[in-house]
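Student: The sequence and its predicted three-dimensional model are supplied below.
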Amino acid sequence: MDTKPAGKGFTKKEGILGVVVVIILCVVASQMLNSTPSPVTSSPVQQKSEENSDVDAYIDAQAIVKKALKSPSTAKFPSSSEAKISRAGENIFNVESYVDSQNSFGAMIRSDWSVMFEYVGDQLDIYAISIDGETIYKKQGI
């Protein structure tokens with residue numbers, strides 16, 4: 001009675017069996033994706049230091065400068081060792097460096113920049129941005 005009629009792909013039993021197999025595979029995949037791996041006990045987990053490093057400041061300063069460029073996707077920054085990074089307080093940084101990026105005509109140019117900002121919790125309070133000697137932003141009262 002389960003013979004395949006001419007022109008049909010699957011019998012009723014094969015169709016039901018296929019649906020059951022798909023449901024089982026979905027349940028197994030769901031369990032695999034939702035399971036959390038057990039923590040590794042052989043090595044201690046290092047907690048991130050609350051203090052911001054000079055490298056953190058350099059990376060954040062790069063992000064600030066990129067937003068002010070004509071073509072941020074073309075920006076090439078030197079390594080942090082070539083930047084001048086100074087602290088004006090516990091969480092206040094002044095970062096000076098250069099960036100090579102395309103101008104509005106597509107030519108690569110080198111621009112000197114400086115950014116002064118403060119880490120306030122997980123936010124940045126930007127005090128000043130200067131590119132090629134031009135003040136792009138300066139917070140009032142500074």
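Tutor: Sure, I can see it. Note that the coordinates shown come from a computational prediction; the quantities given were computed from them, not determined experimentally. Residues are numbered from 1 along each chain as shown.
Student: which stretches of the chain aren't confidently modelled?
Tutor: 1-8, 26, 28-50 (pLDDT under 70).
Student: Which parts of the protein are strands?
Tutor: 84-87, 92-102, 108-120, 123-131, 134-138 (DSSP state E).
Student: what bridges to the closest residue to residue 57 other than its chain neighbours?
Tutor: Nearest non-adjacent residue to residue 57, counting by Cβ to Cβ, 6 or more residues apart in numbering: residue 93, 4.0 Å away. Yep, even glycine has a C-beta here, placed from its N, CA and C like the rest. For residue 93, the beta-bridge partners are residue 87, residue 117 (DSSP bridges).
Student: Tell me if I'm right that residue 93 and residue 55 touch.
Tutor: No: look at residue 93 against residue 55 with Cβ atoms under 8 Å: they stay out of range, at 11.0 Å.
Student: Next, name the residue at the spatial heart of this protein.
Tutor: residue 63 (10.4 Å; Cα atoms, centre = their mean).
Student: what's the closest non-adjacent residue to residue 109?
Tutor: In space, residue 109 is closest to residue 103, 5.1 Å off (Cβ to Cβ, 6+ apart).
Student: again with residue 52
Tutor: residue 119 (5.0 Å).
Student: List the contacts of the one you found.
Tutor: 52, 91, 93, 125 (Cβ atoms under 8 Å, 6 or more residues apart in numbering).
Student: What is the burial count for the last one?
Tutor: What that stands for is residue 125. 13 (other Cβ atoms under 10 Å).
Student: The first one now?
Tutor: Under the neighbour criterion other Cβ under 10 Å, residue 52 is assigned a count of 16.
Student: Same check on residue 14?
Tutor: With other Cβ under 10 Å as criterion, residue 14 counts 12.
Student: Over to residue 68?
Tutor: So residue 68, with other Cβ under 10 Å, has 17 neighbours.
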